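Asks: need a 3D model of the sequence below.
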Amino acid sequence: MSKQFVCRDVDSQGNEIPDSGCGPIPHILFDGYGFGDRQFEGVMFKAMLVDGKLVVDSVDDWDSDPYLSDFKKDKIIKRAFDFIEDYDVATCPNCGNDVDAQPKDI
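Replies: I've put the predicted structure just below:
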């Protein structure tokens, strides 16, 4: 078994419906508002599994964005990593639905 992020539809009780949604997905997306309030609202991050380990990066180009270029990217990525490790809900990059932010054994 390996861990992967999975997009599944849920029923009215919040239970995942097998073989629904997008299925396994390469990464999840989350907004920086969750850990940076308005300072990082709208700044998107992605979490992925690389060789079984969680890796977080920014979706935005920090070098060309005048607002983001004032921040130390490494420090913010660390904050994003700490946040997503314990977070519950993220976004599917394919359909935009809410997905479990924690990888599942597949």
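
Asks: ok, residues contacting stretch 45-60?
Replies: 2-5, 26-32, 43-44, 68, 73, 76-77, 80-81, 84-85, 90, 93, 101, 103 (CB atoms under 8 Å, 6 or more residues apart in numbering). For every residue, glycine as well, the C-beta is placed using N, CA and C.

Asks: so after whichever helix in the chain runs longest, what's the next helix or strand?
Replies: Across the chain, the longest stretch assigned as helix under DSSP state H is helix 73-85. For helix 73-85, the following helix or strand on the C-terminal side (DSSP states H and E) is strand 89-91.

Asks: ok so, going back, so which elements touch the longest helix of the chain?
Replies: strand 27-31, helix 33-36, strand 44-50, strand 53-58 (3 or more CB pairs under 8 Å, 6 or more residues apart in numbering; DSSP states H and E).

Asks: could you give the angle of that helix to strand 44-50?
Replies: 70 degrees (axes from the mean of the first three to the mean of the last three CA atoms, to 10 degrees).

Asks: which element is the closest residue to F71 other than its chain neighbours on?
Replies: Of all residues not flanking F71 in the chain, W62 sits nearest, at 7.5 Å (CB to CB, 6 or more residues apart in numbering). Of the helices and strands defined by DSSP H and E, none includes W62.

Asks: pretty sure W62 sits against S69.
Replies: Yes: applying CB atoms under 8 Å, one finds W62 in contact with S69, separated by 6.1 Å.

Asks: which one's more surrounded, these two?
Replies: Neighbours were counted for W62 and for S69 using other CB atoms under 10 Å; W62 has more, 16 against 11.

Asks: and that one, its phi and psi?
Replies: phi -70, psi -30 (degrees, to the nearest 10).

Asks: ok, R38 next?
Replies: phi -70, psi -20.

Asks: and it, how far from P18?
Replies: Counting by CB to CB, to the nearest Å, the separation of R38 from P18 is 39 Å.
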